[in-house]
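Engineer: Structure for the following, please:
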Amino acid sequence: MNETPLMAMAERFLSALKHCQLLQMRVERADAEGITLLLPWSPAIVGNPQTGAVHGGALTTLMDTTCGMATLCVLPQFEVCPTLDLRIDYMHAAEPNKPIHGHAQCYRVTRDVIFTRGSAYQDDPAHPICQVVGTFMRLGPDIKGGIRFANTLKESRP
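Structural biologist: Numbers count the residues shown, from 1 in each chain. Coordinates of the predicted model:
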């Protein structure tokens, strides 16, 4: 895959999140249509040792991060956008020993709130493990805490 400025910024952002590093999440795709992250299967994310089913907390982390990072795809510059609300509808358990893809896109951007939707899947996006909708508060590009991080991302934006 060709490295784009948006992809580089997304990879940098993800690498700054310690919990995502521990889960070994990585960016598969980032463009104007949204973002796709990959959560590799590992014994550390198993919630039911008898079946090997993935813990709901690992899926929640994947989808909160994916939806939050989808904001990078629509904003002209980096902004801190904390989660206001996240709703996840679980459809079925993830199969053991398979990675999980999380995809999200922004479908509405206002002055104060960004609205996202997405899903997690393994082999087929048409057969989701869960569906998610989330809202994220826009704090602006100059909010403390985000300034230092935004400065490290500037070289990734055209």
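
Engineer: Now do the contacts for the closest residue to Pro96 other than its chain neighbours.
Structural biologist: Of all residues not flanking Pro96 in the chain, Gly52 sits nearest, at 2.8 Å (Cβ to Cβ, 6 or more residues apart in numbering). In this view, the C-beta of every residue, glycine as well, is placed from N, C-alpha and C. Residues counted as contacts of Gly52 (Cβ atoms under 8 Å, 6 or more residues apart in numbering) are Val46, Pro96, Asn97.

Engineer: Filter those residues down to the buried ones, PyMOL style.
Structural biologist: In PyMOL syntax, the buried subset of those is picked out as below (16 or more other Cβ atoms under 10 Å):
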select buried, resi 46
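
Engineer: so which of the contacts of Gly52 comes closest to Cys81?
Structural biologist: Minimum distance to Cys81 across these is 30.7 Å, recorded for Val46 (Cβ to Cβ).

Engineer: hey, what's that closest one bridged with?
Structural biologist: Val54 (DSSP bridges).
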